[in-house]
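# Sequence plus the predicted model coming up.
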Amino acid sequence: MRFLSGSPPSQIYTGTDNLPIMLEVINKGAYPSISEQFTGDIYLSGFDSQILQISPVKTALSSQDLYGRSETYQQGGIQRISDFKINTVSLSGGEKSKQTILATVCYQYATLVEAPICVDPDPYGITIKDKVCQAKDVTLTSQGAPVVVTKIEQDMLKDRLQFTIHVKNMGSGRLLSTEGFNNCPDKIRYEDLNKVVISEASLGGRPLTCSPGGSITKPIYIMGDAKNAKNSEGVAVCTTTGSIDKDDSAYQSTLTLKLIYAYQDSAQTSIEVIKIPE
């Protein structure tokens, strides 16, 4: 998100009216797909309303414009916002005043993961048999989202597979729970911070049970300070449901995850207000 150059200008004079404030928002991630909805809002704050009368101070982001990157739309969606206006400019004391306009964006987002997994029901067996793959941990890079799964460790426990999911906030903003979106930006509570929920988890279509996560009431906690948790990590454990037969041969499969959360980021610009002599 950024303020477009010259809108607003760096200097304005008292008596100015109907001056547009224009912002550009780019969705650099992979969510949402064309069939899903993007939900978010932008709020303006930080200025003295007795000097700058701005309206509105909140506007919704466009789901139609801010689609995620895909093979068809490799740049991601772009929205240029011209809803905000400086209606009047006044200065009762002093000749100049520096005003800061802070634009805060709050939005809901999701991280979608598809990781190749070798399922070996008998990784420590003493019998000699050919295998199409070897079970090992998987290291991942960006999934086109501010919150990413960096590593998946796997272990065979009796007749079940267990996956340890490592999650990081790699973005520059503040990570919030899905409930925290409703409190953003001015009513965020400490319990809203640094939480991610695994809303979907499966291995080759077989559902996984995850803890914590797996439901809106059991989020993954991303360790970090109150401002953000950048480069800090949270962990969840996901386990296959039902038993895996150790006599089965090793095979390739796909671990699919969907992580849901809210996010807050901001941009700001400064204006020098100059009083016109009467």
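Sure, I can see it.
# Please count neighbours and contacts with C-alpha atoms only from this point.
Fine.
# how about stretch 242-253: buried residues?
In terms of neighbour count (16 or more other Cα atoms under 10 Å), stretch 242-253 has its buried residues at 244, 246, 250.
# now stretch 189-204
By neighbour count with 16+ other Cα under 10 Å, stretch 189-204 contains the buried residues 192-203.
# avg pLDDT for that stretch?
Mean per-residue pLDDT for stretch 189-204: 91.
# do the same with stretch 37-46
95.
# Closest one to residue 147 out of the buried residues of stretch 189-204, please.
Nearest to residue 147 among the buried residues of stretch 189-204: residue 196, at 8.6 Å, using Cα to Cα.
# Distance from the chain centre to the helix or strand encompassing that closest one, please.
In this structure, residue 196 is located in strand 195-203 according to DSSP states H and E. From the chain centre to the centre of strand 195-203 is a distance of 14 Å (Cα atoms, centre = their mean, to the nearest Å).
# That one pairs with which strands, and in what direction?
strand 206-211 (antiparallel), strand 220-221 (antiparallel), strand 251-274 (antiparallel) (DSSP bridges).
# Could you count how many residues lie near the closest residue to residue 201 other than its chain neighbours?
Distances taken as Cα to Cα, 6 or more residues apart in numbering place residue 257 nearest to residue 201, at 4.6 Å, with adjacent residues excluded. Neighbourhood size, residue 257 [other Cα atoms under 10 Å]: 20.
# Likewise for residue 94?
Neighbours around residue 94, by other Cα under 10 Å: 8.
# from the middle of its chain, how far away would stretch 202-216 be?
That offset, for stretch 202-216, works out to 20 Å (Cα atoms, centre = their mean).
# For it, output the C-alpha coordinates as CSV.
Extracted as CSV, the C-alpha positions of stretch 202-216 are listed here (Å, rounded to 0.1, in the frame of the first residue of the first chain):
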residue,chain,number,x,y,z
SER,A,202,-5.3,-33.4,4.6
LEU,A,203,-2.8,-35.9,3.2
GLY,A,204,-3.8,-37.1,-0.2
GLY,A,205,-7.5,-36.2,0.6
ARG,A,206,-7.3,-38.0,4.0
PRO,A,207,-8.2,-35.5,6.8
LEU,A,208,-5.6,-34.7,9.4
THR,A,209,-6.2,-33.9,13.0
CYS,A,210,-4.1,-30.9,14.2
SER,A,211,-3.3,-29.6,17.6
PRO,A,212,-3.2,-26.7,18.3
GLY,A,213,-5.1,-25.3,15.3
GLY,A,214,-7.6,-27.3,13.4
SER,A,215,-10.5,-25.1,14.7
ILE,A,216,-11.1,-21.5,15.4
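# Give me the residues contacting that stretch.
Stretch 202-216 is contacted by residues 196-201, 218-220, 236-241, 253-257 when judged by Cα atoms under 8 Å, 6 or more residues apart in numbering.
# can you list the domains in the chain?
2-107+264-274, 109-263 (automatic domain parsing).
# mean pLDDT for those: which is lowest?
Of all the domains of the chain, the minimum mean pLDDT falls on domain 109-263 (a mean of 85).
# centre of the chain versus it, how much separation?
In this view, domain 109-263 has its centroid 16 Å away from the chain centroid, taken as Cα atoms, centre = their mean.
# ends of that domain, how far apart?
7 Å (Cα to Cα, to the nearest Å).
# oh, and call the first residue 44 from now on, that's how I've got it
Understood, numbering begins at 44; the last thing we discussed is domain 152-306.
# Name the nearest residue to residue 85, ignoring sequence neighbours.
residue 148 (4.4 Å).
# Check which helices and strands the strand or helix carrying the one you found is in contact with.
Assigned by DSSP H and E, residue 148 belongs to strand 139-162. Helices and strands touching strand 139-162, by 3 or more Cα pairs under 8 Å, 6 or more residues apart in numbering; DSSP states H and E, are strand 83-88, strand 181-182, strand 190-200, strand 294-317.
# Pairing partners for the residue found closest to residue 309 once you drop the neighbours it is linked to in the chain in the sheet, please.
Among residues not flanking residue 309 along the chain, residue 147 sits closest, at 4.3 Å (Cα to Cα, 6+ apart). Here residue 147 sits in beta bridges with residue 86, residue 309, going by DSSP bridges.
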